[in-house]
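In: no FASTA, just this:
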């Protein structure tokens, strides 16, 4: 019996859909057919059914966070079945036991391979013949073709080694570094847990560095010389190329041709340059590019974009979402060409294709490794009315990027006019559209129709034409850099090599994956938010006081530098290609854990975080304390003052006669001296009652209505 192992129930249904099948308990039975003469059973995981054991499952003493137990490095790494998924694991295990052949049908990538191989290993079936279904599309035709061309399992086993190396190393770094920094920072007065990760911490540091640049920025005033010119054919604005700190400096430069107090001058058109410019159609989408684009246009979060593309993929309408490629092969180009009219009808834009020949800008098999770019499949939805708003917007972007291949360049003329007033040259730049080309697809897109001053067409002028200018000085002030948006953060991670100080290393890393992978970058942002290191306001990303503390703590260490993570990703990729050993990677991680133990002890001795403790306590505070100096905060088992170390004894139990007191009720007590009526108190006689609370001489009394 052939057993096909899918990643999720939806995927299993897609894999069985092209064949006659019936439903069983925890599997689908494919009846004997041309592709499966003896039939087959399709079963599924529910994401990760198998995970690494927790520290205390190796040694009980590792459960408690203690400095003398670090670094925690098991002699042999062991896995366990997730408790909440044990029932499905038993079904999968029993089916794998009866298999004569196993076909891995999980997502065709590193983590998909990991999910399947760990299941097979835990079921004790690694010795059985294993094949690999490898398809970037879940349309029926693609699935039938994929099963007809299944790969031998040995061709993808290295992806499992890569995933294991990644999983174990992240476990080692995350566990040891998180405990190490948390324990050191708690000794300095913090009560929070500080999660540290191989990828998340360098990303946090990059965001923090931008925030520091903004905070440290010192605005400088400047002034510019402008002129509004009138010619026989119209008006246009020119600008003197230099900026100056003061008007005095400006006029020193332009005297005697332009002087203070005089506005009108006679000038002449000195030079007119007209150059034709072309913009090629945009490249096809990989996941990072699509996430960045939709965040810019629609403010969609990267996680929402990934989930939406995954949904469209599982419905069979788009190709595999976690792709890092921006190219396709001739095979995909052929079906896109065949369905040109269908795609045009879907987005409501008709055109005659400029070319039906493939271009290496888009079609290049040498640049397609595991997956090609994200494109629409040959499965055409009847309409997009059944799509959610986000699905429709995402699908439209994917379709438009594919259609743009068949349209010509966008062509415009750039006109640069140099107008002289005496020896002072004013520069004007304008643009005239000649051929809309591929931008036809985006003509209703607000991101593409907003004109800047330089985009406007200029009046036609010739060299030597007279021009009357009204000259003025425009005052301005330099602006600090802006916080990153979520979309810019995705791009930042994808091109982390640009942020490496060492030039030689930067050149190497520009070719790498950057920080994280296509599959994990949106999750990294979510993790940083969940752990309260960053917050997002109106799509802009800010580091919280807690995040600032961690960034200061890791400053200068290898954990703060993007090159370490980028190098790791390069090494991992080589493991997946069979060129490097996963065991070497894990051993290097173990050495790093030992090194961190020594380095952090030294760094922490020099770290002064008193100001940050106060900031965090104020941020997390419930209200001002009665002592007038500190703040009441949640201290775990009770509410207490931040000045307790300096002698303040103000505190409140979290529970009073069986009723949990909320932060808002504590705030009322401190600020007003009493609360409103509270229900749910339980007397010594086990009777429930309600009462208000009164704070009198530091003690709580009941007020009964």
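Out: Sure, I can see it. None of these values were measured; they are calculated from a predicted model.

In: what's the first-to-last distance across stretch 625-643?
Out: 9 Å (Cα to Cα, to the nearest Å).

In: return the set of buried residues in that stretch.
Out: 625-627, 630-633, 639-643 (16 or more other Cβ atoms under 10 Å). In this view, the C-beta of every residue, glycine as well, is placed from N, C-alpha and C.

In: show me which of those residues is closest to residue 582.
Out: residue 633 (44.9 Å; Cβ to Cβ).

In: which SS state does that closest one fall under?
Out: Three-state assignment for residue 633 (DSSP: H, G, I helix; E, B strand; the rest coil): strand.

In: just list whatever residues bridge to it.
Out: residue 640 (DSSP bridges).

In: which element, helix or strand, includes residue 396?
Out: According to DSSP states H and E, residue 396 maps onto helix 389-403.

In: after that helix, next one along is what?
Out: strand 410-421.

In: just the strands from the stretch 1-150 of the chain, written as ranges.
Out: Taking DSSP state E, counting those that start in this stretch as the test, the strands found in the stretch 1-150 of the chain are 2-6, 21-24, 27-30, 40-44, 50-52, 79-81, 101-104, 130-132.

In: nearest to residue 472, out of these?
Out: Among the strands of the stretch 1-150 of the chain, if distance is taken as Cβ to Cβ, the winner is strand 50-52, at 67.7 Å.

In: strand partners of that closest one, parallel vs antiparallel please.
Out: Checking strand 50-52 against DSSP bridges gives partners strand 79-81 (antiparallel).

In: where in the protein is pLDDT low?
Out: Scanning the chain for pLDDT under 70 picks out the ranges 446-455, 497-513, 609-620, 636.

In: buried set for the helix ranked longest in it?
Out: When the chain is parsed with DSSP state H, its longest helix is helix 157-187. Neighbour-count burial for helix 157-187, counted by 16+ other Cβ under 10 Å, picks out 157-185.

In: residues touching residue 491, list them.
Out: Residues in contact with residue 491, defined by Cβ atoms under 8 Å, 6 or more residues apart in numbering, are 288, 292.

In: so how far is the helix or strand hosting it off the chain centroid?
Out: If you go by DSSP H and E, residue 491 is part of helix 486-494. Centroid separation between helix 486-494 and its chain, computed with Cα atoms, centre = their mean, to the nearest Å, is 6 Å.

In: next: stretch 574-583.
Out: Distance, centroid of stretch 574-583 to centroid of chain: 26 Å (Cα atoms, centre = their mean).

In: quick one: buried residues of that stretch?
Out: Neighbour count says stretch 574-583 has 575-576, 580, 582 buried, by 16+ other Cβ under 10 Å.

In: of the residues you listed, closest to residue 70?
Out: Proximity of the buried residues of stretch 574-583 to residue 70 was ranked by Cβ to Cβ; the top entry is residue 582 with 23.8 Å.

In: distance of the residue nearest to that closest one when sequence neighbours are not counted relative to residue 557?
Out: Of all residues not flanking residue 582 in the chain, residue 165 sits nearest, at 3.7 Å (Cβ to Cβ, 6 or more residues apart in numbering). Look at residue 165 and residue 557: by Cβ to Cβ, to the nearest Å, they are 22 Å apart.

In: need the strands for the stretch 601-705 of the chain, in chain order.
Out: 623-624, 631-634, 638-641, 651-653, 655-656, 659-660, 678-682, 688-696, 699-703.

In: got the buried residues for the fourth one?
Out: Using 16+ other Cβ under 10 Å as the burial criterion, the residues of strand 651-653 that qualify are residue 652.

In: helices or strands next to it in the packing?
Out: In terms of contacts (3 or more Cβ pairs under 8 Å, 6 or more residues apart in numbering; DSSP states H and E), strand 651-653 is packed against strand 638-641.

In: biggest strand in this structure, by residue count?
Out: strand 264-279 (DSSP state E).

In: okay, the angle between that strand and strand 410-421?
Out: 160 degrees (axes from the mean of the first three to the mean of the last three Cα atoms, to 10 degrees).

In: run a quick neighbour tally on residue 363.
Out: 22 (other Cβ atoms under 10 Å).

In: that one reaches residue 331, doesn't it?
Out: No. Residue 363 is not in contact with residue 331 according to Cβ atoms under 8 Å; the separation is 9.6 Å.

In: residue 364: what's it in contact with?
Out: Residue 364 neighbours (Cβ under 8 Å, 6+ apart): residue 327.

In: tell me how far it lies from residue 329.
Out: Distance, residue 364 to residue 329, by Cβ to Cβ: 8 Å.

In: so who does residue 286 touch?
Out: Neighbouring residues of residue 286 by Cβ under 8 Å, 6+ apart: 323-326, 373-374, 518.

In: for the helix holding residue 396, packing partners?
Out: Short answer (3+ Cβ pairs under 8 Å, 6+ apart): helix 389-403 packs on helix 287-298, helix 302-314, helix 340-347.

In: could you find the closest non-adjacent residue to residue 683?
Out: residue 689 (6.1 Å).

In: can you check residue 271 too?
Out: Nearest one to residue 271, counting by Cβ to Cβ, 6+ apart, is residue 418 at 4.2 Å.

In: mind checking how far residue 605 is from residue 337?
Out: In terms of Cβ to Cβ, residue 605 sits 66 Å off from residue 337.

In: what about those two, which has more around it?
Out: Here residue 605 and residue 337 are compared on neighbour count by other Cβ under 10 Å; more neighbours surround residue 337, at 15 against 8.

In: check which helix or strand covers the more buried one.
Out: helix 330-338.

In: could you check the angle helix 389-403 makes with that helix?
Out: 100 degrees.

In: now what about helix 330-338, what contacts it?
Out: So helix 330-338 is contacted by 319, 328, 343, 356, 358, 362-363, 365, 372, 375-376, 378, 402, 405-406 (Cβ under 8 Å, 6+ apart).

In: can I see the domain layout of this structure?
Out: Following automatic domain parsing, one finds the domains of the chain at 2-155, 166-215+482-605, 221-280+410-477, 299-406, 621-703.

In: pipe those into a markdown table and attach distance to residue 288 per row.
Out: Formatted as a markdown table, the domains of the chain follow (distance: least, Cβ to Cβ, whole Å):
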| stretch | distance to residue 288 |
| --- | --- |
| domain 2-155 | 15 |
| domain 166-215+482-605 | 4 |
| domain 221-280+410-477 | 18 |
| domain 299-406 | 7 |
| domain 621-703 | 38 |
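
In: so which of those domains is nearest residue 289?
Out: Of these, nearest to residue 289 by Cβ to Cβ is domain 299-406, at 7.0 Å.

In: just the buried ones from the contacts of helix 330-338?
Out: 319, 328, 343, 358, 362-363, 372, 375-376, 378, 402, 405-406.

In: residue 641 touches residue 632, doesn't it?
Out: Yes. Counting by Cβ under 8 Å, residue 641 touches residue 632, with 6.1 Å between them.
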